[in-house]
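Mind looking at a prediction? Sequence and model below.
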Amino acid sequence: MAKAKSKKKEKKLKKRQERCEQVAAISPDRFDEMRQALQARVKASRYRHSLGVSQTAEQLARIYGVNQSEAAVAGLLHDWDKSLTGDELKRKAKKLKLAGKEVREHATGVLHSWTAAATLRDEFPELSDAVLQAIGRHTCGAVGMSDLDMVVFVADIIEPGRDFPDIEGLRAAVGEVCLEELFYRTYKANFMYLLSADMVVAPPSLDVYNSLVVERKERLEAERAACDAPAGNEASEAQLLAVEIARREQLAREAEQQMALARKAAEERERVREEKRAKMQAEAAETQAKLEARGKARLEALSQPEPVMRPEQNASSQGESICDSGEAAGVKTNEASAAVSAQASVEQPAALAGDQPEKSKVERTPNGARIIPIQ
Ligand SMILES: [Fe+2]
Ligand SMILES: [Fe+2]
């Protein structure tokens, strides 16, 4: 069942597309035939109005991306049944069951759109459903208007031959607002005109107006949401920027910490080097001091005159000083020297013979002092 419905829907859609292509393919000559038929059907003012609507609809279609050929044809033929009188329209609408008695009696002005949409294909078989629908909706509109429906409706209100207080505002809005907003403003202006002129508002128009108000509210909320989206993106970008700043600050802190650690390590290495240097200097100084002390000791030892120890001095050193007793001592020294000399002449005949003391003859006292024999 569902499959059958789907096939039927596809077939209908295909047929509609074929019809749209046929309308789009309407030649200038065929369009001129339609224009001449309209001209022969309606009065001059209606004909001029229809030409204005056709041209305006084509312009709106170009601006809002709607099929221009369909818009031009729908605009041209939208008031096809305006040639009928009120009574003719009532009878035709009743015959076609297009409107109730109340609408037929009190809103006769909207009947021409419905009757034309229902019968125009008898005159022009190539007209698409879309064109006929736009023609049928150009008075009261409908819930769920197509783009072509809105284009034809707006064109009928703002075409060059129209003149009413708010028309320039509507014309100025063309291309400045979306098609839905342009249609809403146009529909509202038309609605206000009916009220100001104390004209009956057809029941379908009230439903359409209410639906347009609701749709517009939803559309504006969606547009506000879309407008708020960049703000959200900006907030998101600000958050990302804050995160990036925080990340770079963290990197800077880490780099500073690493530099501090590097400085501390360098200072520690320098301190160790300084300690080693000081220790080496201390050791060097100590070694130097020891060496100097040792050298000094050696120098002192070397520079100290070695005492000449004579045998008698050895004896005298046990009781009195050499210089303690003046000449008397000198006398004794001479006497002692004479005695040592006499002893030496006795004990060392070889030295006298060789005229040089022999080393083997040199003696030392117990404390290491040499005993040099007196010659
Ligand atoms: Fe009309
Ligand atoms: Fe019209």
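Sure thing, it's come through. Ligands and ions are numbered 1, 2, ... in the order given.

make it CA atoms for all contacts and neighbour counts henceforth
Fine.

Residue 279: neighbour count?
Residues lying near residue 279 (other C-alpha atoms under 10 Å) number 12.

swap in the one 10 residues further on?
Per other C-alpha under 10 Å, the neighbour tally for residue 289 reads 13.

So residue 198 versus residue 222, what's the distance?
Residue 198 sits 35 Å away from residue 222, going by C-alpha to C-alpha, to the nearest Å.

between the two, which one's more packed in?
A direct count of neighbours by other C-alpha under 10 Å for residue 198 and residue 222 places residue 222 higher, at 12 against 9.

ok so that one is a helix residue?
Yes: counting by DSSP: H, G, I helix; E, B strand; the rest coil, residue 222 is found in a helix.

State the distance from it to residue 54.
Counting by C-alpha to C-alpha - residue 222 and residue 54 are separated by 33 Å.

Could you do residue 244 as well?
Relative to residue 54, residue 244 is positioned 59 Å away (C-alpha to C-alpha).

If you count surrounding residues, which of the two has more?
Per other C-alpha under 10 Å, whichever of residue 244 and residue 54 has more neighbours is residue 54, with 27 against 12.

how about that one, secondary structure?
Here residue 54 takes the helix state, with states given by three-state DSSP.

Show me what the helix or strand that contains residue 282 is packed up against.
Take DSSP states H and E as the rule and residue 282 turns out to sit in helix 203-303. For helix 203-303, the elements it packs on are helix 179-196, judged by 3 or more C-alpha pairs under 8 Å, 6 or more residues apart in numbering; DSSP states H and E.

now the angle from the helix holding residue 282 to helix 179-196?
Here helix 203-303 points in a direction 140 degrees away from that of helix 179-196 (axes from the mean of the first three to the mean of the last three C-alpha atoms, to 10 degrees).

Okay, now the unreliable bits of the protein?
Within the chain, the ranges that satisfy pLDDT under 70 run 1-25, 229-237, 239, 306-375.

Can you report how many residues lie near the closest residue to residue 184 other than its chain neighbours?
In this structure, residue 184 finds its nearest non-sequential neighbour in residue 212, 6.5 Å apart by C-alpha to C-alpha, 6 or more residues apart in numbering. Residue 212 has 23 neighbouring residues, counting by other C-alpha under 10 Å.

go on, the one 3 residues further on?
With neighbours defined by other C-alpha under 10 Å, the count for residue 215 comes to 17.

before we move on, what about residue 113?
Neighbourhood size, residue 113 [other C-alpha under 10 Å]: 26.

Next up, identify which helix or strand it is on.
For residue 113, the enclosing helix or strand under DSSP H and E is helix 111-123.

my read: residue 136 touches residue 120, true?
No: taking contacts as C-alpha atoms under 8 Å, residue 136 lies outside contact range of residue 120: 10.3 Å.

Between these two, which is the more surrounded one?
Neighbours were counted for residue 136 and for residue 120 using other C-alpha under 10 Å; residue 136 has more, 26 against 18.

and that one, how far is that from residue 188?
Applying C-alpha to C-alpha to residue 136 and residue 188 gives a distance of 19 Å.

again with residue 204
Using C-alpha to C-alpha, residue 204 is found at 14 Å from residue 188.

What of residue 158?
13 Å.

Looking at those two, which is more packed in?
Comparing residue 158 with residue 188 by neighbour count (other C-alpha under 10 Å), the higher total belongs to residue 158, at 23 against 15.

Now for that one: which residues touch it?
Neighbour list for residue 158: 56, 167, 170, 171 [criterion: C-alpha atoms under 8 Å, 6 or more residues apart in numbering].

try it again with 10 Å
52-53, 56-57, 164, 166-171, 174, 186 (C-alpha atoms under 10 Å, 6 or more residues apart in numbering).

for residue 82, same thing?
Residue 82 touches 41-43, 46-47, 89, 109-113, 115-116, counting by C-alpha under 10 Å, 6+ apart.

Turn the residues you listed into a markdown table, including distance to residue 81.
Shown next, in a markdown table, are these (distance: C-alpha to C-alpha, whole Å):
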| residue | distance to residue 81 |
| --- | --- |
| 41 | 9 |
| 42 | 8 |
| 43 | 11 |
| 46 | 11 |
| 47 | 12 |
| 89 | 8 |
| 109 | 11 |
| 110 | 11 |
| 111 | 9 |
| 112 | 5 |
| 113 | 7 |
| 115 | 7 |
| 116 | 6 |
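
Counting neighbours, which of those comes out on top?
Highest neighbour count within these, by other C-alpha under 10 Å: residue 112, with 28 neighbours.

just checking, that one touches residue 91?
No: using C-alpha atoms under 10 Å, residue 112 is not in contact with residue 91; the gap is 11.3 Å.

and for the two, which residues touch both?
With C-alpha under 10 Å, 6+ apart, residue 112 and residue 91 have no common neighbours.

In terms of helices and strands, where is the nearest residue to residue 205 once chain neighbours are set aside?
Nearest non-adjacent residue to residue 205, counting by C-alpha to C-alpha, 6+ apart: residue 140, 4.9 Å away. Following DSSP H and E, there is no helix or strand that holds residue 140.
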